[in-house]
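> I would like to see how this sequence folds:
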Amino acid sequence: MEHNDSQADHHALRGFFIHVICLHQARCGVSYPIGKIILEIFTNQKKLGIIPQDAKLTPWPDDLLKKWDTLSADEKKMFIRQVEVFAAYVAYTDHEIGRVIQTVQDIGKLDNTLIIFISYRFLLHNYG
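Alright, predicted model coming up:
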């Protein structure tokens, strides 16, 4: 089975989109504290042993990306929406992969099945 969402623009069902927006707004409020969220994720990854305890965050690429506090209100609104759309896409993809795994389990083949999910993002016409 092929799941093509990782090759196309991010699309998610409206229900997933609304759910993720509500979660995001409840967590982050009006602004999007990217530095705080990055640090929180980084710290949790260390606690879980996903990354080494002595790992260090990569410095912010000031020459490529503006810092959040320097963005205009319109830029912040646009980037918040991009995060919400991508999060909805990931939630939708996770749900669909879960359905595949559940179906394989329901037919009694899970212990005898290897599921490989490969995701990649290549340059599309609207990215370069």
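> quick check: phi and psi at Phe117.
Backbone torsions of Phe117, given as degrees, to the nearest 10, read phi -110, psi 120.
> could you measure from it over to Ala55?
Counting by CB to CB, to the nearest Å, the gap from Phe117 to Ala55 is 25 Å. Where C-beta positions appear, they are placed from N, C-alpha and C, glycine not excepted.
> by contact count, what packs against the host helix or strand of Ala91?
If you go by DSSP states H and E, Ala91 is part of helix 73-106. On a contact count with 3 or more CB pairs under 8 Å, 6 or more residues apart in numbering; DSSP states H and E, helix 73-106 meets helix 14-28.
> who are the packing partners of the helix or strand just after the helix it packs on?
Per DSSP H and E, the first helix or strand lying C-terminal to helix 14-28 is helix 34-47. In terms of contacts (3+ CB pairs under 8 Å, 6+ apart), helix 34-47 is not packed against any helix or strand.
> orientation of helix 34-47 relative to helix 73-106 in degrees?
30 degrees (axes from the mean of the first three to the mean of the last three CA atoms, to 10 degrees).
> CA-only coordinates of helix 34-47 in CSV, if you can.
This file holds the C-alpha atoms of helix 34-47, laid out as CSV (Å, rounded to 0.1, in the frame of the first residue of the first chain):
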residue,chain,number,x,y,z
ILE,A,34,8.7,28.5,19.3
GLY,A,35,11.9,28.7,21.4
LYS,A,36,10.0,27.4,24.5
ILE,A,37,8.4,24.6,22.5
ILE,A,38,11.8,23.6,20.9
LEU,A,39,13.4,23.5,24.3
GLU,A,40,10.5,21.5,25.8
ILE,A,41,10.7,18.9,23.0
PHE,A,42,14.5,18.8,23.3
THR,A,43,14.4,18.3,27.1
ASN,A,44,11.8,15.5,26.7
GLN,A,45,13.9,13.7,24.1
LYS,A,46,16.8,13.7,26.5
LYS,A,47,14.6,12.4,29.3
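> list of residues touching that helix?
Helix 34-47 has contacts (CB atoms under 8 Å, 6 or more residues apart in numbering) with Cys28, Ile51, Pro52, Gln53, Ala55, Leu57, Trp68.
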